[in-house]
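Trainee: Could you look at this predicted model? Sequence included:
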Amino acid sequence: MSNIELHSTITCPECGFQKKEEMPTNACQWYYECESCKTLLSPLKGDCCVYCSYGTVKCPPIQEGNACCSGS
């Protein structure tokens with residue numbers, strides 16, 4: 001039985017601002033605007049979403065061992 005974490009704290013690489021967010025379970029989040037500096041974040045090469053690149057917790061599909069957003 002897996003225990004999926006649905007909250008992740010995103011850290012902006014430009015200004016260091018952090019915010020805890022609830023991750024979607026039915027879609028990838030490819031863009032995220034920093035509340036502080038308004039930088040638009042997108043996933044780093046090799047990552048499927050902003051949570052996998054900038055969050056403290058990987059997205060739910062990755063936590064489950066699946067490919068993110070596959071088969072949609």
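Mentor: Thanks, I have the structure now.
Trainee: The one residue sitting closest to the centre of the chain: what secondary structure?
Mentor: Closest residue to the average C-alpha location of the chain: Tyr51 at 1.3 Å, with CA atoms, centre = their mean. Here Tyr51 is helix, with the state taken from DSSP: H, G, I helix; E, B strand; the rest coil.
Trainee: where does it sit relative to Gln18, distance-wise?
Mentor: Computed as CB to CB, to the nearest Å, the Tyr51 to Gln18 distance reads 13 Å. Glycine gets a C-beta too; all of them are placed from N, C-alpha and C.
Trainee: Tell me if I'm right that Gln29 and Cys48 touch.
Mentor: No. With contact defined as CB atoms under 8 Å, Gln29 does not reach Cys48; the gap is 9.6 Å.
Trainee: Which neighbours do the two have in common?
Mentor: Common neighbours of Gln29 and Cys48 (criterion: CB atoms under 8 Å, 6 or more residues apart in numbering): Cys59.
Trainee: Helices of the protein, start to end?
Mentor: 50-54, 60-63 (DSSP state H).
Trainee: And for Cys34, the neighbour number?
Mentor: Residue crowding around Cys34 was assessed by other CB atoms under 10 Å; the count is 20.
Trainee: pLDDT at it, what is it?
Mentor: On pLDDT, Cys34 comes in at 98.
Trainee: just Asn26 next, same as before
Mentor: 78.
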